[in-house]
Structure formats: C-alpha cells, structure tokens
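In: next come a sequence and a model predicted from it.
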Amino acid sequence: MQRIIVVTAPDGLHARPAAQLAQLAQGLPGALRLSVGDRVVDAASVLAVMDLELAPGMRVVLDADGPAAEAALDAAAAILAPGSAG
C-alpha cells in the first residue's frame, strides 16, 4: 500500500520526528519504507531516514505492507505532514 505526501513539517524531518518515525516502523508487524526519487529507505532506521534530508515541500512516497499498513501510513503521514488530512 502506498501514499504520496508532501512534507509540511516546518523544520523538515530533523532528529526528533525521524526517531518517532523509526519507532513507529520498528513496532509494526510489516515494513514501512520511504522513497524520494530513486532512493528508498527502511523507515525503521533513524540514520537512513535522516539521510534523505527531508525538507518542507519535498514529495515522499510512503510504502507499507502487513496487516496494519493503512494505519502505518496514517501515522507516518501525521509525522511528516502534521495537520494534513490522511
């Protein structure tokens, strides 16, 4: 399951939200990945997520699988684009 979002977090994805995203991914029964262009990273890795250098206005593809995929996409989108509708 995929969802495309635009990062709206005012400071982009710095350490704290990257850690929140990794913690979310680590607790999932399936996988959560982020893609920017041709770069795909496992959201469970804080360093990999931060290496994407996500800034406001960047388009990100969220990809989740497993029984909680839709909820995972909603939660990840809330971190990357707070205040936007899922």
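Out: Done, it's in. The shown structure was predicted, so the numbers you read here are calculated from the model rather than taken from an experiment.
In: in which helix or strand does the residue sitting nearest the centre point of the chain reside?
Out: For the chain, the residue nearest the mean C-alpha position is Ala76 (4.6 Å; Cα atoms, centre = their mean). Secondary-structure element containing Ala76, defined by DSSP states H and E: helix 69-80.
In: which strands and helices sit next to that helix?
Out: strand 2-6, helix 15-26, strand 32-36, strand 59-64 (3 or more Cβ pairs under 8 Å, 6 or more residues apart in numbering; DSSP states H and E). In short, each C-beta sits where N, CA and C put it, glycine included.
In: what's the angle between the first one and helix 69-80?
Out: Direction vectors for strand 2-6 and helix 69-80, defined by axes from the mean of the first three to the mean of the last three Cα atoms, to 10 degrees, enclose an angle of 10 degrees.
In: quick one: buried residues of the helix holding Ala76?
Out: 69, 72-73, 75-80 (16 or more other Cβ atoms under 10 Å).
In: how about that helix as PDB, C-alpha atoms only?
Out: Provided in PDB are the C-alpha atoms of helix 69-80 (Å, rounded to 0.1, in the frame of the first residue of the first chain):
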ATOM      1  CA  ALA A  69      -0.400  -0.900   6.500                       C
ATOM      2  CA  GLU A  70      -3.100   1.700   6.300                       C
ATOM      3  CA  ALA A  71      -2.700   2.700  10.000                       C
ATOM      4  CA  ALA A  72       1.000   2.900   9.500                       C
ATOM      5  CA  LEU A  73       0.600   5.200   6.500                       C
ATOM      6  CA  ASP A  74      -1.700   7.400   8.500                       C
ATOM      7  CA  ALA A  75       0.700   7.600  11.400                       C
ATOM      8  CA  ALA A  76       3.800   8.200   9.200                       C
ATOM      9  CA  ALA A  77       1.900  10.900   7.300                       C
ATOM     10  CA  ALA A  78       1.000  12.600  10.600                       C
ATOM     11  CA  ILE A  79       4.700  12.900  11.400                       C
ATOM     12  CA  LEU A  80       5.800  14.100   8.000                       C
END
